[in-house]
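K.L.:
Kindly return the folded structure for what I paste below:
(one chain, ligands or ions: 2)
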Amino acid sequence: MMPFNELVLASHNAGKLKELQAMLGTAVRVRSVGEFSDVEPEETGLSFIENAILKARNAARVSGLPALADDSGLAVDHLGGAPGIYSARYAGGQGDAANNAKLLEVLKNVPDAQRGAQFVCALALVRHAEDPLPIICEGLWQGRILHAPRGEQGFGYDPLFWVPERDCSSAELAPADKNQLSHRARAMALLKARLGIA
Ligand SMILES: O=c1nc[nH]c2c1ncn2[C@H]1C[C@H](O)[C@@H](COP(=O)(O)OP(=O)(O)OP(=O)(O)O)O1
Ligand SMILES: [Mg+2]
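P.N.:
Numbers count the residues shown, from 1 in each chain. Ligands and ions are numbered 1, 2, ... in the order given. Predicted coordinates:
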């Protein structure tokens, strides 16, 4: 059983919110932190986990509800794991298209064998803003960075992320399929198991 019946999702990213909501299903009534505040907390942590906790605490504080945060990003082998926790700000906070253009430019002429990458997701659930024991679940998704964007689904780096198990880009997957395979899906499966929900 879910230990509460209402939860705030601590994300301002519409793509993430849609995916998290779909994965949570009807197990819990889901609100978005945007209903309570437009101010995004600064992501000052050095890890996905620290940033997820920071966002979850902030959402719990402004809403008075238990909060679930997702901190995620793309770690590219050839770049030593960059952009990593800085994925959203890779091109200076100018959005997904600019981030993708920068990544393609940086990897220009890098052969396929060196274009391995993984999506990383850390979920943090806090029962209240000062919860001393947040629940943390992680998920990884291995793939490769394409040479040009493909597909219209999803968000962020999805058009550049080749999914070997499906022979297509992450942005070519039906949303329901991405929600079975992704880093976020894996982290959420662990969280659900931890909470004892289906
Ligand atoms: O499934 C994904 N498919 C494509 N791209 C993705 C995915 N998952 C994370 N990403 C990228 C988007 C963004 O560049 C960064 C997350 O940054 P991150 O700070 O966690 O999220 P955000 O600032 O967009 O929203 P918020 O912090 O309010 O949850 O990684
Ligand atoms: Mg963010």
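K.L.:
now check stretch 185-193, is it near ligand 1?
P.N.:
No: judged by Cβ under 6 Å from any ligand atom, stretch 185-193 stays clear of ligand 1, getting no closer than 9.2 Å. C-beta coordinates here come from the backbone N, C-alpha and C atoms, glycine included.
K.L.:
where do the helices sit along the protein?
P.N.:
14-24, 48-63, 96-106, 175-181, 183-195 (DSSP state H).
K.L.:
Need those in CSV (columns: mean pLDDT).
P.N.:
Converted to CSV, those look like this (pLDDT from 0 to 100):
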stretch, mean pLDDT
helix 14-24, 97
helix 48-63, 98
helix 96-106, 98
helix 175-181, 98
helix 183-195, 97
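K.L.:
Highest mean neighbour count out of the ones you listed?
P.N.:
Mean neighbour count (mean count of other Cβ atoms under 10 Å) peaks for helix 48-63 among the helices of the chain, with a mean of 23.
K.L.:
Among the helices of the chain, which comes closest to residue 160?
P.N.:
helix 96-106 (5.5 Å; Cβ to Cβ).
K.L.:
got the angle for the closest one vs helix 14-24?
P.N.:
On the basis of axes from the mean of the first three to the mean of the last three Cα atoms, to 10 degrees, helix 96-106 is oriented at 100 degrees to helix 14-24.
K.L.:
Pull up the residues of the chain that are close to ligand 1.
P.N.:
Residues of the chain lying close to ligand 1 by Cβ under 6 Å from any ligand atom are 11-13, 16, 40, 43, 55, 70-74, 87-88, 99, 119, 154-158, 170, 182, 184.
K.L.:
Pick out the residue in this structure sitting closest to ligand 1.
P.N.:
residue 156 (2.3 Å; Cβ to the nearest ligand atom).
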